[in-house]
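sequence first, then the predicted structure, then my questions.
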Amino acid sequence: MAVTRQLTARQTGDNAMWEAMGAPAAMKQQIEQTSVDVYPENLQALQVFQAMGTQWHSSMGGREGLRYEALPVIEARLGVKKKQKADLFWALQVMEGEALKVWAEQREK
């Protein structure tokens, strides 16, 4: 059974950030109202991925990948157990790869 996860204001950022990006208020509202179905066994990986959201290495070409040196700090903050870290790392890499594909497709448009 999937768990419905409601994105919170903390995860979508504050109003100043959205204004600085030039994003319309409707976009922030739409994101804040987005629900995502997540299987319980994937919830921790999603939480870590969201927490790593400020840890993207970027260059002139855009985002290139996550800065994994921040991962141990985030894992500790989120209470990730040692036995979960290998599976969590794999899941994080899958989500990272998919995000990079989406951004690459957006740049091509």
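Noted; the coordinates are in hand. Residues are numbered from 1 along each chain as shown.

quick one, helices of the protein?
Along the chain, the stretches classed as helices by DSSP state H are 9-12, 15-21, 25-32, 40-51, 71-78, 85-108.

where does the prediction get shaky in this structure?
1-34 (pLDDT under 70).

could you chop the protein up by domain?
With domains defined by automatic domain parsing, the chain comprises 1-38, 40-109.

dump the residue contacts of Ala45.
The contact partners of Ala45, by C-beta atoms under 8 Å, 6 or more residues apart in numbering, come to 87-88, 91-92, 95. (C-beta placed from N, C-alpha, C; glycine too.)

can we see that at 7 Å?
Counting by C-beta atoms under 7 Å, 6 or more residues apart in numbering, Ala45 touches 88, 91-92.

nearest to Gly61, of those residues?
Of all the contacts of Ala45, Gly61 sits closest to Leu92, with 21.8 Å by C-beta to C-beta.

any idea how far that closest one lies from Arg107?
22 Å (C-beta to C-beta, to the nearest Å).

who's more crowded, those two?
Under the criterion of other C-beta atoms under 10 Å, the comparison of Leu92 against Arg107 puts Leu92 first, with 20 against 10.

so that one sits right up against Gln47, yeah?
No. Using C-beta atoms under 7 Å, Leu92 is not in contact with Gln47; the gap is 10.6 Å.

joint contacts of those two?
Contact criterion C-beta under 7 Å, 6+ apart; no residue bridges Leu92 and Gln47 by contacting each.

okay, stretch 94-108 in CSV with CA atoms only?
C-alpha atoms of stretch 94-108 as CSV (Å, rounded to 0.1, in the frame of the first residue of the first chain):
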residue,chain,number,x,y,z
VAL,A,94,18.5,6.2,-9.5
MET,A,95,16.6,9.4,-8.6
GLU,A,96,19.7,11.5,-9.4
GLY,A,97,20.0,9.9,-12.8
GLU,A,98,16.3,10.4,-13.6
ALA,A,99,16.4,14.0,-12.5
LEU,A,100,19.5,14.7,-14.7
LYS,A,101,17.7,13.1,-17.7
VAL,A,102,14.7,15.3,-17.2
TRP,A,103,16.8,18.5,-16.9
ALA,A,104,18.8,17.4,-20.0
GLU,A,105,15.5,17.0,-22.0
GLN,A,106,14.3,20.4,-20.8
ARG,A,107,17.6,22.1,-22.0
GLU,A,108,17.1,20.5,-25.4
